[in-house]
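J.: What follows is a predicted protein model with its sequence.
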Amino acid sequence: MSTYNILFKLNLSKYLQCSLTLMCLIIFTSAVAKAESSSNKSEEIAPYNAELCTPDNPEACGSDFSYAIDDSICDDPEKCDLDPSYISQEKQYEDVIRRLERIHKFSKAETELFEIGTSDTGDIIYGIKIGTGETHNLVVGGHHGNEYGTIELAESFAYSLAQNPIEGQTMHIIPVLNINGYNTRRRKEVVSTKKLEALSGTEMDLFIDPNRDYESPCKKNEPWQLKSTRALADYIDAQNIINLVTLHSRGALIVYPWGFSTDKEHVDVHEDHKPTFLNMARMAVTYSDYKIVNSTRFFGPTDGTLEDYGFWKHGIWSILFELGKDKYPSDKKIADIINENVPGLRLMFEHAPTERAPEHSFDKKNCNNIEEIEELDEVQEAEGLEETESAQGI
């Protein structure tokens, strides 16, 4: 073989090796770029667009209202209170406070942390105020301590508004009213030892349902046995609240007044007010499959609730959310509750009244201690409503 042929083959071999190496490098680089692009795309969260957000255009509503955050805002990203992995059934009230502080710290809107008072066990009840508009609205979670999903929704709604407040509104959000109940996952709230001794003369725990402790025209026992409910009522008086949402679980329902022990002719609010309640409820269910029901028709009579108190006493347009279909939802189902109801809450408040109802009284002569509500059951059946387990949900 000639020297020329040997050199030719050596050069050809080197050429092929270089070409192969270059080709592999191009393929590898392309694959990395594609992977990075795909990864970035999967991590992107669609922005919320208030003008374009409609049921027919869900892309403009944001793919996730509660978790659209930058990890850089967290002092310790692994323990970031706003991270979706932080949804937990094991959280305590101190975790809620820390999350409110973080929402306040990194808010894009005007925010303020506030206190409404203390509970019977000495816990300070905190909330967050978002926005500076003239219309003041209120969201309250955690009346029942074992309904932990309500706290998660309240916090997530607060975060979403802190990033994008509703124009013309100031939103007051109190994630947990029943702090002792939340920390122990108990429905009712414990009364202090001093009050306990005055009432019963024993050292046994005395528990009261906070959402049966408000003043009501049909209520037999005395209201305001808890400091928490009295503090909330005083706060409502002072802030000129126009619209109020109280969060509970379960049922997948949007509930409007009345809920107390009325006779069957006065179950609904006045016909002049019912369209407003129904319009608010329809806005609230835009992103969910929740049913809209009247409280007494669906649950039976329930005296001393916040939603009835708000409308009866002040003319505040009060709506109750029964979240999800599980009393004790998993973390995944809590995330579903958040993503269904944060945009629904926003849409409802965007279209809510800007003034209280002018006439909102209820004549006590129309109260009726209904024990057997067969007539109401017939109405419920005629309207195609499903029965729930009991009034324990509200």
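T.: Here it is on my side, so go on.

J.: Distance-wise, check the spatially closest residue to residue 285 that is not a sequence neighbour relative to residue 359.
T.: Take residue 285 and drop its neighbours on the chain: the residue closest to it by Cβ to Cβ, 6 or more residues apart in numbering is residue 254, 5.7 Å away. C-beta coordinates here come from the backbone N, C-alpha and C atoms, glycine included. Noted for residue 254: a distance of 23 Å to residue 359, by Cβ to Cβ, to the nearest Å.

J.: At which residues are the strands of the protein located?
T.: All strands of the chain, identified by DSSP state E, fall at 111-118, 124-130, 135-140, 169-174, 189-190, 207-208, 241-248, 253-256, 291-294, 317-322.

J.: May I see these arranged in TSV, with mean neighbour count and distance to residue 336 as well?
T.: Below are those laid out as TSV (neighbours: other Cβ atoms under 10 Å; distance: least, Cβ to Cβ, whole Å):
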stretch	mean neighbour count	distance to residue 336
strand 111-118	15	27
strand 124-130	22	24
strand 135-140	23	19
strand 169-174	23	20
strand 189-190	26	28
strand 207-208	17	31
strand 241-248	25	15
strand 253-256	26	16
strand 291-294	20	17
strand 317-322	27	14
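
J.: Out of these, flag the one nearest residue 352.
T.: Residue 352 lies closest to strand 241-248 among the strands of the chain, at 4.4 Å (Cβ to Cβ).

J.: Starting from the closest one, tell me which strands it pairs with and how they run.
T.: strand 135-140 (parallel), strand 317-322 (parallel) (DSSP bridges).

J.: right, and those - which one's nearest residue 238?
T.: strand 135-140 (10.1 Å).

J.: Kindly format the C-alpha coordinates of that closest one as CSV.
T.: Extracted C-alpha coordinates of strand 135-140, given in CSV (Å, rounded to 0.1, in the frame of the first residue of the first chain):
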residue,chain,number,x,y,z
THR,A,135,-66.3,48.7,49.5
HIS,A,136,-65.3,46.5,52.5
ASN,A,137,-65.9,42.7,52.3
LEU,A,138,-65.1,39.9,54.7
VAL,A,139,-64.1,36.2,54.4
VAL,A,140,-64.0,34.0,57.5
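
J.: Which residues does that strand contact?
T.: Residues from elsewhere that reach strand 135-140, judged by Cβ atoms under 8 Å, 6 or more residues apart in numbering: 154, 157, 168-174, 177, 232, 236, 239-247, 306, 345, 349, 352, 354.

J.: That one to strand 124-130, inter-axis angle?
T.: Orientation check (axes from the mean of the first three to the mean of the last three Cα atoms, to 10 degrees): strand 135-140 against strand 124-130 gives 140 degrees.

J.: when you compare where strand 135-140 runs with where strand 169-174 runs, what's the angle?
T.: 20 degrees.

J.: So for strand 135-140, mean pLDDT?
T.: Across strand 135-140, the average pLDDT comes to 98.

J.: Run through the residues that contact the residue nearest to residue 285.
T.: 281, 284-285, 290-293, 319-322.

J.: Quickly name whichever of those residues is closest to residue 226.
T.: residue 320 (18.8 Å).

J.: What separation do you get for the residue nearest to the closest one when sequence neighbours are not counted and residue 226?
T.: With Cβ to Cβ, 6+ apart as the criterion, residue 320 has its nearest non-adjacent residue at 4.1 Å, and that residue is residue 255. From residue 255 across to residue 226, the span is 22 Å (Cβ to Cβ).

J.: same question, residue 120
T.: Distance of residue 120 to residue 226, computed by Cβ to Cβ: 6 Å.

J.: any shared contact partners between those two?
T.: Common neighbours of residue 120 and residue 226 (Cβ under 8 Å, 6+ apart) are 189, 191.

J.: With neighbour numbers in mind, choose between the two.
T.: The neighbour count for residue 120 versus residue 226, taken as other Cβ atoms under 10 Å, is higher for residue 226 (25 against 21).

J.: Need the pLDDT of the closest residue to residue 227 other than its chain neighbours.
T.: In this structure, residue 227 finds its nearest non-sequential neighbour in residue 120, 5.0 Å apart by Cβ to Cβ, 6+ apart. At residue 120, the model reports a pLDDT of 92.
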